[in-house]
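1. Quick one, fold the following:
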Amino acid sequence: MNLYRAKHILPIASPPIEDGVVGVEDERIIALGRRADFSGSFTDLGERVLLPGFVNAHCHLDYTNMAGKLPFKGSFADWIADIVVLKRLWRTKDYAASASAGLAALLRSGTTTVCDIAASPGNLDLVANAPVRVLSCLELIDVAGKPAEEKFWERCAGLAPHAPFTASRQLYQKVRAFCRQRGRIFTTHLAESAEEAAMFERRSGALYELLAVLGRSPEDCGRGSSVTWLDNGGVLDDALVVHANWLSDDDVARLARARVTVVHCPSSHRFYSHPPFPFERLRAAGVPVCFGTDSAASGTTLDLRAEMRDFLAAFSSVRPADALAMATRTAAKALNPLAVTGTLSAGSRADMIAVPVSEGGGDLAEAVIGGNEAVSWMMVDGKVVRDEL
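-> Numbers count the residues shown, from 1 in each chain. Sure, this is the predicted structure:
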């Protein structure tokens with residue numbers, strides 16, 4: 001057993017431990033407690049907080065180098081059109097360099113597991129050998145008759161039909177069946193923008209017009225929200241739903257009945273100037289919410305601490321400890337059955353980070369979230385992948 005000592009242990013699922021030690025064997029935590037409870041030599045992580053690595057439940061790694069290239073000009077449909085044009089100009093090497101830059105950003109900021117929405121199948125080998133755990137979910141689009149390639153599906157941790165406006169109901173149903181049969185992640189963007197709401201509810205708006213030009217049939221529009229569209233298609237149950245910004249009370253009730261987890265991306269939310277995220281209504285309905293960074297193309301740094309700071313600034317009723325749990329335990333649970341844990345406890349995967357914090361006797365969770373320094377030490381599956389103590 002290898003022992004790791006830190007001034008503070010923050011297990012998430014149990015109270016903090018002062019001057020604590022975590023014992024690791026192979027890829028699992030097998031013990032934790034106060035330093036006085038252990039004998040033998042240990043690796044001293046110093047005056048830091050040792051806690052579970054962050055779990056980023058939604059990211060587009062291969063868009064990282066698009067940062068600053070796609071300003072939002074007030075129309076979500078226009079932004080979608082702009083990224084489509086940029087993607088057509090990129091080659092395999094561009095996506096690879098972009099994904100590599102994204103992985104480096106995650107490593108600096110303490111993310112040990114990321115649910116990555118892969119636009120480029122060519123990056124699957126690259127991320128499979130990454131120092132952090134990358135759960136690749138291939139993004140699928142079949143708007144206007146574009147076929148959704150299936151030859152890469154078996155290689156992925158999950159699949160991600162892009163959104164109801166770019167993926168057909170038939171594609172959603174095929175993907176949902178595949179993911180259920182094989183125990184894979186099923187995730188999708190949903191209810192992201194006012195323009196998506198106008199398209200599905202009223203058959204109007206800029207997104208409706210853009211998709212009509214691209215050849216998408218309008219026959220399924222004008223019959224309720226995009227949440228209703230997915231639910232009526234029988235594919236909403238247990239989904240990992242990203243954004244969920246525009247929700248009626250009926251939509252919230254449907255999400256709760258379907259046992260979904262919502263991934264909120266605060267920096268991206270701010271980038272598009274969306275109205276307040278409906279967190280309180282989701283929480284009241286019992287819908288779990290966790291965090292993602294979305295992509296650097298939509299104004300994020302891929303640092304979950306920054307996402308938590310944005311979130312806490314918007315929702316003063318939430319404690320820092322609760323936000324930290326959303327970025328670890330809640331996100332990990334949403335990504336199961338991939339055996340990600342999100343806590344420090346006996347039997348948990350040994351995914352840990354050591355975060356430097358300012359001394360002062362304040363709240364540990366608040367100190368962790370408030371930090372801007374690069375995370376100095378990181379372990380994934382019992383292997384040290386970053387050591388800059």
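2. what about the helices in the chain?
-> Assigned by DSSP state H, the chain shows helices spanning 76-89, 92-109, 124-128, 169-182, 194-202, 206-214, 226-232, 249-257, 266-271, 279-284, 304-314, 320-325, 331-335, 364-370.
3. is it possible to export those helices to a markdown table including mean pLDDT?
-> Formatted as a markdown table, those follow (pLDDT from 0 to 100):
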| stretch | mean pLDDT |
| --- | --- |
| helix 76-89 | 94 |
| helix 92-109 | 96 |
| helix 124-128 | 90 |
| helix 169-182 | 95 |
| helix 194-202 | 96 |
| helix 206-214 | 92 |
| helix 226-232 | 97 |
| helix 249-257 | 98 |
| helix 266-271 | 96 |
| helix 279-284 | 98 |
| helix 304-314 | 97 |
| helix 320-325 | 98 |
| helix 331-335 | 95 |
| helix 364-370 | 95 |
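4. ranking these by burial, who's on top?
-> Comparing the helices of the chain by mean neighbour count (mean count of other C-beta atoms under 10 Å), helix 331-335 comes out on top with a mean of 24. Heads up, the C-betas are built off the backbone N, CA and C, glycines and all.
5. and it, what does it pack onto?
-> strand 54-59, strand 111-118, strand 261-264, strand 289-291 (3 or more C-beta pairs under 8 Å, 6 or more residues apart in numbering; DSSP states H and E).
6. now what about it, what contacts it?
-> The contact list for helix 331-335 (C-beta atoms under 8 Å, 6 or more residues apart in numbering) reads 52, 55-57, 113, 115, 135, 185, 240, 261, 263, 288, 290-291, 340-343.
7. On the pLDDT front, check Leu146 for me.
-> No, residue 146 isn't Leu; it's Lys. On the pLDDT scale, Lys146 is placed at 66.
8. make that Ala258, sorry
-> Looking at Ala258, its pLDDT stands at 98.
9. Distance-wise, check the closest residue to Phe42 other than its chain neighbours relative to Ala119.
-> Residue nearest to Phe42 in three dimensions, not counting chain neighbours: Leu3, with 3.6 Å by C-beta to C-beta, 6 or more residues apart in numbering. Taking C-beta to C-beta, to the nearest Å as the measure, Leu3 falls 42 Å from Ala119.
10. Settle it for me: which of those two has more neighbours?
-> Neighbours per residue, other C-beta atoms under 10 Å: of Leu3 and Ala119, the larger number sits with Ala119, 23 against 18.
11. ok, now which ones touch that one?
-> Going by C-beta under 8 Å, 6+ apart, Ala119 touches His60, Asp62, Tyr63, Lys87, Tyr95, Glu139.
12. and if you look at Ala297?
-> Taking C-beta under 8 Å, 6+ apart, one finds His60, Tyr63, Met66, Ala67, Lys69, Leu70, Ile83 in contact with Ala297.
13. sorry, back to before: going through the contacts of helix 331-335, which ones are buried?
-> Neighbour-count burial within the contacts of helix 331-335 applies to 52, 55-57, 113, 115, 135, 185, 240, 261, 263, 288, 290-291, 340-343; the criterion is 16 or more other C-beta atoms under 10 Å.
14. how close does Leu126 get to Pro16?
-> From Leu126 across to Pro16, the span is 37 Å (C-beta to C-beta).
15. Same question for Thr188.
-> 37 Å.
16. what do you get for Ala104?
-> On the measure of C-beta to C-beta, Ala104 and Pro16 end up 30 Å apart.
17. And Gly158, by the same measure?
-> 33 Å.
18. Looking at those two, which one has more neighbours?
-> Higher neighbour count among Gly158 and Pro16: Gly158, with 25 against 16, using other C-beta under 10 Å.
19. Which residues are in contact with the more buried one?
-> Cys115, Leu135, Ser136, Cys137, Cys179, Arg184, Ile185, Phe186, Thr187, Leu240.
20. closest to Ser204 among those residues?
-> Ser204 has its nearest neighbour among the contacts of Gly158 in Thr187, at 27.8 Å by C-beta to C-beta.
21. ok, what's across the strand from the residue nearest to that closest one when sequence neighbours are not counted?
-> Leaving aside its chain neighbours, Thr187 sits nearest to Leu240 (3.9 Å; criterion: C-beta to C-beta, 6+ apart). Beta-bridge pairing for Leu240 (DSSP bridges): Thr187, Thr261.
22. pretty sure Leu240 is in contact with Ile117, am I right?
-> No - contact criterion C-beta atoms under 8 Å: Leu240 and Ile117 do not qualify, at 10.6 Å.
23. Taking the centroid of the chain, which residue is nearest it?
-> Residue closest to the average C-alpha location in the chain (C-alpha atoms, centre = their mean): Ala57, at 1.9 Å.
24. how near is the nearest residue to His189 once chain neighbours are set aside to Ser358?
-> In space, and not counting its chain neighbours, His189 is closest to Ala163: 4.2 Å by C-beta to C-beta, 6+ apart. Look at Ala163 and Ser358: by C-beta to C-beta, they are 41 Å apart.
25. Which of the two has more residues huddled nearby?
-> When neighbours are counted by other C-beta under 10 Å, Ala163 comes out ahead of the other of Ala163 and Ser358, with 23 against 9.
26. For that one, which residues are in contact?
-> Thr188, His189, Leu190, Glu192, Glu196, Ser226.
27. Check Phe54 too.
-> Residues counted as contacts of Phe54 (C-beta under 8 Å, 6+ apart) are Ser109, Gly110, Thr111, Thr112, Thr113, Leu304, Arg305, Ala327, Thr328, Ile353.
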